[in-house]
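[1] turn this into a model:
(one chain, ligands or ions: 2)
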Amino acid sequence: MAVYTPVSDDELQTFLADYDIGEVTSFAGIAEGVENSNFLVRTTRSTYILTLYEKRVKSDDLPFFVGLMEHLADKGLSCPRPVPSRDGATLRTLNGRPAAVVTFLEGMWHRRIQPAYCRSLGAAMAEMHVAGADFPMTRANDLSVAGWRPLLEACGMQSNQIYHGLYNALNQELGFLERVWPTGLPTGTIHADLFPDNVFFLGGEVSGIIDFYFACTDALAYDLAICLNAWCFEPDGSFNVTKARQLVTGYQTVRTLSAAEREAMPILARGSALRFLLTRLYDWLNHPEGAFVKPKDPMEYHQKLRFHQSASGSAAYGL
Ligand SMILES: Nc1ncnc2c1ncn2[C@@H]1O[C@H](COP(=O)(O)OP(=O)(O)O)[C@@H](O)[C@H]1O
Ligand SMILES: N[C@@H](CCOP(=O)(O)O)C(=O)O
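    Ligands and ions are numbered 1, 2, ... in the order given. Presented below is the predicted three-dimensional model:
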């Protein structure tokens, strides 16, 4: 459960007194997520999510995240809509943390991924890319290649607690990716954390996308690469090329990938595996005492990285 900052009933009542969202009927910490503190708030009017933004979310970035959700919701995408308080502010402070109330989305996320879900996901992602094309704000991806070395150095030799030789292996991989990382691909607003727990389904089709707190301006194809990692590996660690094909086919029903994007996919997938390996490794070594959170396994991404290191070109991804 991710609740780093507790909120008492009294603190909630005082905070929500400034909103026109009805009377609170129930309130509970949410047993999922690892980044922020999330609470489910039911009121006489509707259901909402209260989020207190934690360590990795910089206050200066919040207007981008909140603005993006408003922009996408205005374009008809099913994503949380920030709810303003009576004075019109969508970003406020609670217990010393920046906080926001957003609308609750119906649907459920799938732990066991079917190829058809990947197809629906691909189309939903491309729709998000198209809808985000005229979003006027930008935010650099601080967890792209330039951000990986500081993360690795912050983990340092402690990395070897997880597995002997891990630091050197990652250092070598990072050196390679720093040399070959693609530039000049079509860019736009990407989600950058489109994992199964952030995509809700109803009846086999994507019904909503949540958790825009890593969203940024970067290569559109990098979002696909993240999903190749997060959706297309089986629990035994093997890569399922059928799921990859479905993901890409679904994407291309809305937006066609260029030849350069297809060619870059193996490196983008490799970089994306390293990115999640590094943040997981950092969190594994540094998770706060007493927080209600289950750190995610860095070694899952080490196994994925090894697949990408041995993959032979775009064909290995069904491209
Ligand atoms: N708008 C929403 N509608 C429905 N459920 C939500 C919404 N936002 C968050 N949740 C629930 O809270 C969980 C954690 O949210 P998430 O944004 O992924 O947290 P974190 O940023 O900490 O990873 C989700 O898995 C989901 O169950
Ligand atoms: N998806 C990332 C961690 C961020 O967690 P989320 O709950 O915000 O999706 C990972 O799996 O490492």
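
[2] tell me how this protein divides into domains.
    Per the record's domain assignment (automatic domain parsing), the chain is made up of the domains 9-103, 115-317.

[3] tell me the most buried of those?
    domain 115-317 (a mean of 18; mean count of other Cβ atoms under 10 Å). Every residue, glycine included, has its C-beta placed from N, CA and C.

[4] still on that earlier bit, Throw the domains of the chain into JSON lines and include mean pLDDT, thanks.
    Listed next are those as JSON lines, based on pLDDT from 0 to 100:
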{"stretch": "domain 9-103", "mean pLDDT": "95"}
{"stretch": "domain 115-317", "mean pLDDT": "96"}
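
[5] V3: neighbour count?
    Taking other Cβ atoms under 10 Å as the criterion, the count of residues near V3 is 20.

[6] could you list the residues of the stretch 151-300 of the chain in contact with ligand 1?
    By Cβ under 6 Å from any ligand atom, the residues of the stretch 151-300 of the chain that approach ligand 1 are 197-198, 210-211, 213.

[7] next up, phi/psi of the residue minimising distance to the centre of the chain, please.
    Among the residues of the chain, the smallest C-alpha distance to the mean C-alpha position (Cα atoms, centre = their mean) belongs to D193, namely 1.8 Å. D193 adopts backbone torsions of phi -150, psi 40, taken as degrees, to the nearest 10.

[8] and E153, helix, strand or coil?
    Secondary structure assignment for E153 (DSSP: H, G, I helix; E, B strand; the rest coil): helix.

[9] and for whatever helix or strand G122 lives in, what's in contact with it?
    Assigned by DSSP states H and E, G122 belongs to helix 115-132. Helix 115-132 is contacted from outside by 68, 71-72, 75-77, 110, 188-191, 194, 199, 201, 204-206, 209, 220, 223-224, 227, 231-232, 240, 242-244, 246-255, using Cβ atoms under 8 Å, 6 or more residues apart in numbering.

[10] what does stretch 138-147 give?
    So stretch 138-147 is in contact with 61, 64, 151, 177-178, 181, 190, 192, 214-218, 222, 271, 275, 279, going by Cβ under 8 Å, 6+ apart.

[11] out of the residues you listed, which are inside helices?
    Applying DSSP state H to the contacts of stretch 138-147, the entries found in helices are 64, 151, 177-178, 222, 271, 275, 279.

[12] those into CSV, with extra columns for distance to ligand 2?
    Formatted as CSV, these follow (distance: Cβ to the nearest ligand atom, whole Å):
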residue, distance to ligand 2
F64, 16
L151, 12
L177, 18
E178, 21
Y222, 14
G271, 14
R275, 9
T279, 6
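
[13] next, the residue of the stretch 151-300 of the chain found nearest ligand 1: secondary structure please.
    Nearest residue of the stretch 151-300 of the chain to ligand 1 (Cβ to the nearest ligand atom) works out as D211 at 3.4 Å. When the structure is reduced to helix, strand and coil (three-state DSSP), D211 reads as coil.

[14] make sure it is actually in contact with D193.
    Yes - under the contact definition of Cβ atoms under 8 Å, D211 touches D193, with a separation of 6.1 Å.

[15] hmm, back to that, and ligand 2, which of the residues of the stretch 151-300 of the chain next to ligand 1 reach it?
    The subset of these within reach of ligand 2, counting by Cβ under 6 Å from any ligand atom, consists of 197-198, 211.

[16] OK, contacts around the closest residue to N95 other than its chain neighbours?
    Nearest in space to N95, with sequence neighbours left out and distances taken as Cβ to Cβ, 6 or more residues apart in numbering, is T5 at 5.2 Å. The neighbourhood of T5, defined by Cβ under 8 Å, 6+ apart, consists of 37, 52, 54, 94-97.

[17] what's the closest of the residues you listed to ligand 2?
    The closest of the contacts of T5, once distances to ligand 2 are taken by Cβ to the nearest ligand atom, is E54, at 10.7 Å.
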